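**Student:** below is the sequence, then the predicted model.
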Amino acid sequence: MIGIESKASSSSTSPTASWEAGRRLRPNPRSDTHEATTTPRALSGKIIQNAFLAQHRPQARHSTRYPSDFCALDTRSVHSFQERRLRLAGTSAKWLNTISTAWISSSKQAYISCNAAQGSSDVSSSAKVDFLKLQNGSDIRGVAVGGVEGEPVNLTEPVTEAIASAFAAWLLNKKKADGWRLTLGITTAGHDVLQFGLASTPAMFNSTLTEDEINHLPVDGAIMITASHLPYNRNGLKFFTSAGGLNKADIKDILEHASRIYEDSSHGSTQELEQASKGEVSNVDYMSIYASDLVKAVRKSAGNKGRGPGPRRRGGAVIGDAPARQGYKLDKVLKPLGAITTGSQFLEPDGMFPNHIPNPEDKTAMKAITQAVADNKADLGIIFDTDVDRSAAVDSSGRELNRNRLIALMSAIVLEEHPGTTIVTDSVTSDGLTTFIENKLGGKHHRFKRGYKNVIDEAIRLNTIGEESHLAMETSGHGALKENHWLDDGAYLMVKLLNKLAAARILNPNVGSKVLTDLVEGLEEASVTVEIRLKIDQNHADLKGGSFRDYGEAVLKHLENSISKDEHLCKAPKNYEGVRVSGYGGWFLLRLSLHDPVLPLNIEAPSKDDAIKLGLAVLTAVSEFPALDITALNKFLQQ
């Protein structure tokens, strides 16, 4: 089975606004239509969402209907792909429409059918699309809604449909190659769809692991549709199997396959699609199952063994941005554990982000949750991004627990459980964090590349070669633990913090979040922390027709040679990305962006003067490259 789910964020007053804005969709001018013909040429900007492709079973299926969110699917009369008509049973006009895609691979049939809200598309299905430009590392990201100058729509419904078909084919071949059980529906009547409604990215992955036959779990694969905290016009796709998220090579394969599907459909080559099989649609309240598992984890850690409520906390916990249907977090996780959650805010989805960007690194977002903690005299404040794969916290004194500080806190907890283990982080973590992990905690700090999947995969690799690693984290708030199947799960990180609080309450009922902040005492933190983005002008004559990547690599090589001649600077002995240099009591890292023509420069130093000295060292080297825009660096140095 394959799952497809969607995400939204922040706060809204109307159901229509929360669904349409959260999915980056425009209003449908024909919203009273109850029937639609879905061909590659006729699809009009509907974004696939909220579905899981489940195992086909000949017996009757359990189905939970959501009153306004979903529609039932009737595809008993299936003709050619161009003629197929999808009839929506028992749905209001607001929650139109259903998309159906058929795909055949290895002489077997795979079928995707999922719920989607209707919108309008700015690009026809016959338009040329560079599918590989949609790749964002191990995810897919694109523009789904027009209206922003210079950002043409490239994630249209036909494009999304082709990607969904390609994933179904990829999953079929993957399961076959690995000898995993795939559903009978692939060879007989096709896949069935399980619709989960609004959910979180961690839950989507977890559904590939959960054993629950009544609810037809686990699923074989999942697609999460989310643009996280990106602007309203963006959307994206994340893919999962029980082995975890897909890697960059997998995404490239799927996009190349999707491109061929898209081209075939544009030219009427639909012979393979005409034999499409059909599946059934059922709704499953998986978020309740997922939340229940989190509660059990907290109680087990607190010594409760799952019996009765967890220990109550004075003041309790409040949640800041919780847009991924975070009522589940309040009502089904924190409240059963005895937490008082009064004062939680911005829980309703709204992709326009009327309050602030729901980002654990955003200063406005952190200020808002800090104020909520103070106003409600809470022990802990928790903030998530829109799809809950990133998180941060604030203690009762208002001290932020994010970036290096959150990694230090999680490292302290994990190293208590697994002494000496290796902590894998991204490339921009501080020198102070290395000292803290290795000198105070007795662990090993392995600083790797940026990108949460890079960090997770490196931790997995280390374990395979005999170097024990139990935690992989990025400064952005992404974090994964070996005990949690290396799932990138912001909610699980916060459960680990709650575990620590709960265990401390057993010994001292009056203890607050000081038990957490005490764990990061001794962490050296820079007074000045800055990131400056140096853009490469791809149209500049200095590129001589070459790629921005080649140009960026040349900049880095020149910087590396320049640094070797400066007695005040020392290149990091171990470094996996860009050029990292220590000096003047601080450090800098200049690296090439994974996807964009940008060289991000990170500087940390004990004072502004020291930071300027580091910046000047970079400026001296990069000034010889005229296609590099150094305006932002000059502005920092002149402040």
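**Tutor:** Ah, there it is. Treat the numbers as computed from the prediction; the structure is a model and nothing was measured. Residues are numbered from 1 along each chain as shown.
**Student:** same for the longest helix seen in the chain, what does it pack against?
**Tutor:** As assigned by DSSP state H, the longest helix anywhere in the chain is helix 157-178. Under the contact criterion of 3 or more Cβ pairs under 8 Å, 6 or more residues apart in numbering; DSSP states H and E, helix 157-178 touches strand 2-6, strand 47-48, strand 98-105, strand 108-117, strand 221-225, strand 234-241, helix 248-266. For glycine as for every other residue, the C-beta is placed from the backbone atoms N, C-alpha and C.
**Student:** what packs against the longest one?
**Tutor:** It refers to helix 248-266. strand 135-136, strand 139-143, helix 157-178, strand 234-241.
**Student:** worst average pLDDT in those?
**Tutor:** Here the helices and strands packed on helix 248-266 differ in mean pLDDT, and the lowest is helix 157-178 at a mean of 77.
**Student:** using PDB, write out every CA atom in it.
**Tutor:** Output of helix 157-178 as PDB, limited to C-alpha atoms (Å, rounded to 0.1, in the frame of the first residue of the first chain):
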ATOM      1  CA  GLU A 157      -1.800  18.300 -11.000                       C
ATOM      2  CA  PRO A 158      -0.600  16.400 -14.100                       C
ATOM      3  CA  VAL A 159       3.000  16.600 -12.800                       C
ATOM      4  CA  THR A 160       2.000  15.500  -9.300                       C
ATOM      5  CA  GLU A 161      -0.100  12.600 -10.800                       C
ATOM      6  CA  ALA A 162       2.900  11.500 -12.900                       C
ATOM      7  CA  ILE A 163       5.100  11.500  -9.800                       C
ATOM      8  CA  ALA A 164       2.500   9.500  -7.800                       C
ATOM      9  CA  SER A 165       2.400   6.900 -10.600                       C
ATOM     10  CA  ALA A 166       6.200   6.700 -10.700                       C
ATOM     11  CA  PHE A 167       6.400   6.200  -7.000                       C
ATOM     12  CA  ALA A 168       3.900   3.300  -7.200                       C
ATOM     13  CA  ALA A 169       6.000   1.700  -9.900                       C
ATOM     14  CA  TRP A 170       9.200   2.300  -7.900                       C
ATOM     15  CA  LEU A 171       7.700   0.800  -4.800                       C
ATOM     16  CA  LEU A 172       6.500  -2.300  -6.700                       C
ATOM     17  CA  ASN A 173      10.000  -2.900  -8.100                       C
ATOM     18  CA  LYS A 174      11.600  -2.100  -4.700                       C
ATOM     19  CA  LYS A 175       9.400  -4.600  -2.800                       C
ATOM     20  CA  LYS A 176      10.000  -7.200  -5.400                       C
ATOM     21  CA  ALA A 177      13.700  -6.700  -5.400                       C
ATOM     22  CA  ASP A 178      14.000  -6.900  -1.600                       C
END
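**Student:** low-confidence ranges in this structure?
**Tutor:** The chain contains residues with pLDDT under 70 at 1-127, 175-193, 267-281, 297-298, 301-331, 334, 337-347, 349.
**Student:** any idea how it splits into domains?
**Tutor:** 65-287, 528-638 (automatic domain parsing).
**Student:** which of these sits closest to Thr425?
**Tutor:** Among the domains of the chain, the nearest to Thr425 by Cβ to Cβ is domain 528-638 (11.0 Å).
**Student:** end-to-end on the closest one?
**Tutor:** 15 Å (Cα to Cα, to the nearest Å).
**Student:** tell me who's in contact with Ala621.
**Tutor:** Ala621 makes contacts with Val555, His558, Leu559, Ser562, Ile563, as judged by Cβ atoms under 8 Å, 6 or more residues apart in numbering.
**Student:** the fourth one belongs to a strand?
**Tutor:** No. With DSSP: H, G, I helix; E, B strand; the rest coil as the criterion, Ser562 is helix rather than part of a strand.
**Student:** ok, and the closest non-adjacent residue to it?
**Tutor:** Distances taken as Cβ to Cβ, 6 or more residues apart in numbering put Ala621 closest to Ser562, at 4.1 Å, once the chain neighbours are dropped.
**Student:** which residues does Ser469 bridge with?
**Tutor:** Going by DSSP bridges, Ser469 is paired in beta bridges with Thr422.
**Student:** what's the spacing between it and Lys482?
**Tutor:** 7 Å (Cβ to Cβ, to the nearest Å).
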